[in-house]
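**Student:** Make a model of this:
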Amino acid sequence: MKTFVTVLGLASLVALAACDSAKENQVENAYENQADALDNQTENMEAMADNLSGNAEMAAENAADRLENKADATREAGDEAEDAVEKQQ
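**Tutor:** This next block holds a predicted model:
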């Protein structure tokens, strides 16, 4: 599922890149890079959770969920920042 979302996101970026200004792309890329880093942390946390059991596994899965939510929020903030840049032009 995450791979599909990532591919879909990248396809959207490529499609929109032709329409956006350089500054919009800069803002978008900065937020997207942050979100990608959070996604990587999420995947690492989920892999770690697979090797744990009981309460430790649940705690790791909860931490992974929080990281995933943070990545989503970062992408949303990036979209809003990009919109703000677009309105300034």
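
**Student:** List the buried residues in the top helix by length along the chain.
**Tutor:** For the chain, the helix that runs over the most residues, judged by DSSP state H, is helix 54-88. Buried residues in helix 54-88, counted by 16 or more other Cβ atoms under 10 Å: 60-61, 63-64, 67-68, 70-71, 74-75, 78, 82, 85. (Glycine included, C-beta is placed from N, CA and C.)

**Student:** Just send the residues you listed back as CSV, with distance to residue 54 too.
**Tutor:** Below are the buried residues of helix 54-88 laid out as CSV (distance: Cβ to Cβ, whole Å):
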residue, distance to residue 54
60, 11
61, 11
63, 15
64, 16
67, 21
68, 22
70, 25
71, 27
74, 31
75, 33
78, 37
82, 43
85, 47
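
**Student:** Going by distance to residue 25, which of these wins?
**Tutor:** residue 82 (8.5 Å; Cβ to Cβ).

**Student:** now the farthest one out in the protein, which residue is it?
**Tutor:** Here the chain reaches farthest from its C-alpha mean at residue 54, the gap being 28.4 Å by Cα atoms, centre = their mean.

**Student:** ok, now which ones touch it?
**Tutor:** Shown in contact with residue 54 (Cβ atoms under 8 Å, 6 or more residues apart in numbering): no residues.

**Student:** Now do it against residue 88, distance only.
**Tutor:** Distance of residue 54 to residue 88, computed by Cβ to Cβ, to the nearest Å: 52 Å.

**Student:** just residue 29 next, same as before
**Tutor:** 18 Å.

**Student:** you'd agree residue 67 is up against residue 43?
**Tutor:** No. With contact defined as Cβ atoms under 8 Å, residue 67 does not reach residue 43; the gap is 9.2 Å.

**Student:** any low-confidence regions in this protein?
**Tutor:** 1-20 (pLDDT under 70).

**Student:** at 90 instead, please
**Tutor:** For the chain, the stretches with pLDDT under 90 are 1-28, 50, 82-89.

**Student:** Give me the residue at the spatial middle of it.
**Tutor:** Of all residues in the chain, the one closest to the mean position by Cα atoms, centre = their mean is residue 35, 3.0 Å from it.
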